[in-house]
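Peer 1: Please find the sequence and the predicted model below.
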Amino acid sequence: MSLLLPSKLFCLAPLRNDIPGLYCPGRPLLHTRNQTLRIVCAKRAGKRRYPSEKKRLKSKQKEILAQVKTRNKFEGLWRLSKLGVPVHRDPGKDFLGVSEGLLEAIAKVLEFPVASMLPAEAFSVIRKSFDARKMLKEPKFVYVVDMDVEKLLSLEPRTWDFISQMEPKVGLIEHLSEEKVTGDLINIIRDCTRISEDTISGDGGNKDNFVAKGSLIASSRKPKIAVVGSGPSGLFACLVLAEFGADVTLIERGQPVEQRGRDIGALVVRKVLEMESNFCFGEGGAGTWSDGKLVTRIGRNSDTVLAVMKTLVHFGAPKGILVNGKPHLGTDKLIPLLRNFRQHLQDLGVTIEFGKRVDDLLIEDGQVVGVKVSDSKDQSQSNSQKWGFDSVVLAVGHSARDVYQMLLSHNVALVPKDFAIGLRIEHPQEVINNIQYSRLASEVRSGRGKVPVADYKLVKYVGRENGDVSAGATRSCYSFCMCPGGQVVLTSTNPSEICINGMSFSRRASKWANAALVVTVSTKDFESLNLHGQLAGVEFQREFERRAAILGGGNFVVPVQTVTDFMDGKLSVTSIPPSSYRLGVKAANLHELFPIHITEALQQSISMFNEELPGIISKEGLLHGVETRTSSPIQIPRNTDTYESTSLKGLYPIGEGAGYAGGIVSAAVDGMCAGFAVSNAFDLCHDSIESVFGKTQSSGAVKY
């Protein structure tokens, strides 16, 4: 007998209006004269599904029903998804266990009559998120739960009949024949090396011919690998290579987090910018002094992502990041985590060189043989040294513009890449809480209440009919790096430029909420400003960063404008609302920043966003200029399998600066995969990344 699911609990998710190109019936579309909004088809739910989608889902349902017939329902795990628990029945966002309210939701799926008789020990929470969309009858926490059948039957035998009647259903109920457990990266690698050693010993080989760590084939010396940059990609590449036994040197132009914090303090308090130790450069990369977001689009439940997340927990991140639907750490949690990460690398024998800038590559016969480094405080490079290496892993961030120029001097292939520019919008956090939660806003309590501090994610496509990019053709307009309970910070690396970002601490207790509102730009936009070549995108960024500095009047003062004035195209004489930016703001006409087609795209997208979040356009909203470094303006082509540069042997470009990631998790995964690839190149291990994690989703698709 097939299981009848309660319709209210397991209805397919209603349409959201924050998905790119998705039209939501009942919501008006903004039209301005001579402009049309392009609508891109997207998946629809329930009765609204297209016939092709219904057919595909029906086929998939038949497939999983056929598979489950060959399995024993009483073995392994059952995964139950979309379990909704009303806010008043849930202990709150910080509780990650199995509550009475969750047991009631599980009982409905099992059609078990008494929820209180279900043993909580048989269930484990895999994911918990908060859903407060206004189309719902009431806000709720949504769970994904794994049910251990054997444990459930041992604790409550009367559930046998109910389990025997269970049938899988796409997206709601899934039978997992075997428990899939992914450990942290350290234990995964050590398991791999232990298996390799056991295999060698079992084949009668002389184990003394192999280095104790892994299946490294004995040679005259360990391969010497330089990893340039200590952001997520560099750290995880370092970790993999060191665990497999390589002689690794980590080179970072910035300072360790302790000194970096003091340098950032000097910037915020005394306006002293350290060119090589700031919000962009230093241990942990640009993400350290940010929100510490761990959301990613490369597969939240993939083994590679889980390995990264569990490795972060190993180094001190709270276990809640493994469960939270929108995991984040905050700067305060990242700093001690990075200290632990650093200590582990040093215990493995990694040499860490802080305050050292890589000025050049040493190349012989088309092969990288080392790097030329100097003290990062010495701009003249008078104390430069040459260090020899077998290979160089290039893990610089998107602000290492001098590195791009250096690569170009060696004819290393660089490809201009689309990115996005715009402004950072800020509102009082109470405004966003009220917009998103209505009467439930009082439950936020500065990050200490039952529900999360309210955030938002907005995406639209805007454009004009004529299709001319210079006149404002179709562009993606979206919110980026939303920091609830955060502050606006300066991410300039040059005193003559203004570039900003957002950050927040783990509790997100600030009284402000900010997010970038950006529009995509491409090579045609660069050419419209007479910028050409591989580094046109870099110069494009610089142009607007310089304009922002001039509008602000210098000394790191940021130009600002109220949202209402920006939409009206005027500069009001009334006083501007307060800003979280601590180095000073100045009222300015932000229309003077960008070409008219970019300004119009921003205006149009803000109007459309206001349809979803009424109140975004208000005098309390303040726009800050300018946000340009949303992602790398270039990509360094590399071999898909080996991660080696297609134009220079021995160079491995990885992470966000190379154009292959766009956040902490995707950068870490890219670094981890590159670490396996380099280890294979030097016979440090005989296992490919696929053999360890299965087929991985390539970061090369730039799916952040």
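Peer 2: Yes, it's here. Numbers count the residues shown, from 1 in each chain.

Peer 1: Strands along the stretch 201-350 of the chain, start to end?
Peer 2: Taking DSSP state E, counting those that start in this stretch as the test, the strands found in the stretch 201-350 of the chain are 224-228, 247-252.

Peer 1: Make a markdown table out of the ones you listed and add distance to residue 94 and mean neighbour count.
Peer 2: C-beta: built from backbone N, CA, C; applies to glycine. Compiled in a markdown table, the strands of the stretch 201-350 of the chain are given as follows (distance: least, C-beta to C-beta, whole Å; neighbours: other C-beta atoms under 10 Å):
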| stretch | distance to residue 94 | mean neighbour count |
| --- | --- | --- |
| strand 224-228 | 36 | 27 |
| strand 247-252 | 34 | 25 |
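
Peer 1: In a markdown table, list those along with mean pLDDT and distance to residue 371.
Peer 2: A markdown table is the format used below for these (pLDDT from 0 to 100; distance: least, C-beta to C-beta, whole Å):
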| stretch | mean pLDDT | distance to residue 371 |
| --- | --- | --- |
| strand 224-228 | 98 | 6 |
| strand 247-252 | 98 | 7 |
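
Peer 1: mind checking which of these is nearest residue 303?
Peer 2: Nearest to residue 303, of all the strands of the stretch 201-350 of the chain, is strand 224-228, at 23.2 Å by C-beta to C-beta.

Peer 1: Report all helices and strands that the closest one contacts.
Peer 2: Strand 224-228 is packed against helix 232-243, strand 247-252, strand 367-375, strand 391-394, with contacts defined by 3 or more C-beta pairs under 8 Å, 6 or more residues apart in numbering; DSSP states H and E.

Peer 1: Nearest to residue 323, out of those?
Peer 2: helix 232-243 (20.8 Å).

Peer 1: How far off centre is that closest one?
Peer 2: 18 Å (C-alpha atoms, centre = their mean, to the nearest Å).

Peer 1: related to what we said a few turns ago, need the helices and strands packed on strand 224-228 in CSV with distance to residue 320, can you?
Peer 2: Below are the helices and strands packed on strand 224-228 laid out as CSV (distance: least, C-beta to C-beta, whole Å):
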stretch, distance to residue 320
helix 232-243, 19
strand 247-252, 29
strand 367-375, 40
strand 391-394, 31
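
Peer 1: shaky segments in the stretch 601-704 of the chain?
Peer 2: The model of the stretch 601-704 of the chain has pLDDT under 70 over residues 695-704.

Peer 1: What are the boundaries of the helices in it?
Peer 2: Listed in chain order, the helices of the stretch 601-704 of the chain (DSSP state H, counting those that start in this stretch) span 664-681, 689-693.

Peer 1: which one of those is the most hemmed in?
Peer 2: Of all the helices of the stretch 601-704 of the chain, helix 664-681 has the most neighbours on average by mean count of other C-beta atoms under 10 Å, namely a mean of 28.

Peer 1: quick one: that helix to strand 224-228, angle?
Peer 2: Put simply, helix 664-681 runs at 160 degrees to strand 224-228, going by axes from the mean of the first three to the mean of the last three C-alpha atoms, to 10 degrees.

Peer 1: for the chain, what helix or strand is lowest in average pLDDT?
Peer 2: Least confident helix or strand, the chain: helix 51-69 with a mean of 60, by mean pLDDT, DSSP states H and E.

Peer 1: Following element in sequence after that helix, please.
Peer 2: Remark: after helix 51-69, the chain's next helix or strand is strand 77-86, criterion DSSP states H and E.

Peer 1: For that following strand, which strands pair with it and how are they oriented?
Peer 2: Take DSSP bridges as the rule and strand 77-86 pairs in its sheet with strand 140-148 (antiparallel), strand 173-176 (antiparallel).

Peer 1: Dump that strand to CSV, keeping only the CA atoms.
Peer 2: Provided in CSV are the C-alpha atoms of strand 77-86 (Å, rounded to 0.1, in the frame of the first residue of the first chain):
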residue,chain,number,x,y,z
LEU,A,77,18.3,5.0,6.3
TRP,A,78,15.2,6.8,5.1
ARG,A,79,15.7,10.5,4.4
LEU,A,80,12.7,12.7,5.1
SER,A,81,12.7,16.1,3.5
LYS,A,82,10.5,19.3,3.8
LEU,A,83,9.4,18.6,7.3
GLY,A,84,7.7,21.8,8.4
VAL,A,85,7.5,22.8,12.1
PRO,A,86,5.7,26.0,13.0
